[in-house]
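J.: After the sequence you'll find the predicted model.
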Amino acid sequence: MGFQIVHNIPESFTRWMPIDRTAGATTLYVDQLVKGDSASFNGMAPLAAASGAADKTGLQTIFGVVIGDNNFKQTFLTTYGQYNASVQSVAAQLARNWLGVEGMWPKNDPMPFVKVALIGPHTVLKAPICNATLGVAPTVLTATAVNATMGLGMTTNAFDGAGTIVANKSTTFCRSGANANIYRVNKDTSTTVMTFDTYWPYTLAIGDTFVRVNLAPGTCRAQINSTSGYLGMCFDTAADVSTNYFLIDVLDLDLKYAGQESVIFKFNACHFHGRALS
């Protein structure tokens, strides 16, 4: 399960779109983020990892989220779910067992399509938070030392974050201990020594467990997974967001259960206004 729309304006704004074929076969998955830059693609393609601050180098145009396809018999992969793939030749198109689509496309067109829910700056989405790959949970952190100043912080095994850790742009959740179910935004830039501007209210102890993700409430940086062939299926908590990132507006984090970590968010409006197509 990847990106899902929680609320959209208008809620019914969906379209059937072809799958990109310009650089060979493209596979798209339900719940995958897609782009449709007509200068480089002839259909929908996976949204790639951001390049530059707020993707100012990549300048991708975020089009929407895949919510279905026109295969008569649905096809699945265990981890990534339902998918459809582009084909090129006459024989490959006519060999398909397809369902009729709608809109500008006739129902006798055998080309592979996906149904896309369009998104904009007001679209609220829910996404899984993963350690590099969809289905891999963020690492559980166990306190091996606590700061002498009550509630200030602790030392743990290494957080998944890579490269330069950005202060005030990651969040730690206490899984067990006196502070269980409490969240705090990290002040530190370390992968192991955590400190906080707002202290933990109850006594920290060696053996307390936590999970940390490189997302924080409000407007923050985020990067999607860059797994080859499965782009745009989750936010990657192991990514380095010091230089390359999307800007998102985080509304809620849910880090309670291992393997079910998620975020409810909007893509910041900067990704929809004044973007340049290549």
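T.: All right, it came through fine. From a predicted model like this one, the values you see are computed outputs, not experimental measurements. Numbering: from 1, shown residues only.
J.: Leu251: which element?
T.: strand 246-254 (DSSP states H and E).
J.: Let me know the distance separating Ile129 from Lys73.
T.: To Lys73, Ile129 is 32 Å away according to CB to CB, to the nearest Å. (Each C-beta comes from the backbone N, C-alpha and C, glycine too.)
J.: okay, the two: which has more neighbours?
T.: Legend: neighbour count by other CB atoms under 10 Å for Ile129 and Lys73, higher for Ile129 (22 against 8).
J.: Send me stretch 39-52 as PDB with only the CA atoms.
T.: Extracted C-alpha coordinates of stretch 39-52, given in PDB (Å, rounded to 0.1, in the frame of the first residue of the first chain):
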ATOM      1  CA  ALA A  39       7.700  17.300 -23.000                       C
ATOM      2  CA  SER A  40       9.400  14.100 -21.800                       C
ATOM      3  CA  PHE A  41       6.600  11.500 -21.600                       C
ATOM      4  CA  ASN A  42       3.800  10.200 -23.700                       C
ATOM      5  CA  GLY A  43       1.800   9.100 -20.700                       C
ATOM      6  CA  MET A  44       2.000   8.700 -16.900                       C
ATOM      7  CA  ALA A  45       5.400   7.900 -15.400                       C
ATOM      8  CA  PRO A  46       6.500   7.400 -11.700                       C
ATOM      9  CA  LEU A  47       7.300  10.500  -9.700                       C
ATOM     10  CA  ALA A  48      11.100  10.400  -9.200                       C
ATOM     11  CA  ALA A  49      13.000  11.300  -6.000                       C
ATOM     12  CA  ALA A  50      13.300  15.100  -5.600                       C
ATOM     13  CA  SER A  51      16.400  16.800  -6.900                       C
ATOM     14  CA  GLY A  52      17.300  20.100  -5.200                       C
END
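J.: I'd like the mean pLDDT over that stretch, please.
T.: For stretch 39-52, mean pLDDT is 91.
J.: heads up, I number from 36, so please use that
T.: With 36 as the first residue, the last one maps to stretch 74-87.
J.: Just the buried residues of it, please?
T.: Neighbour counts over stretch 74-87 (16 or more other CB atoms under 10 Å) mark 76, 78-82, 84-85 as buried.
J.: neighbouring contacts of that stretch?
T.: 52-57, 61, 63, 67-72, 92-93, 95, 97-98, 101, 121, 149, 151, 258-261, 265-267, 274, 278-281, 312-313 (CB atoms under 8 Å, 6 or more residues apart in numbering).
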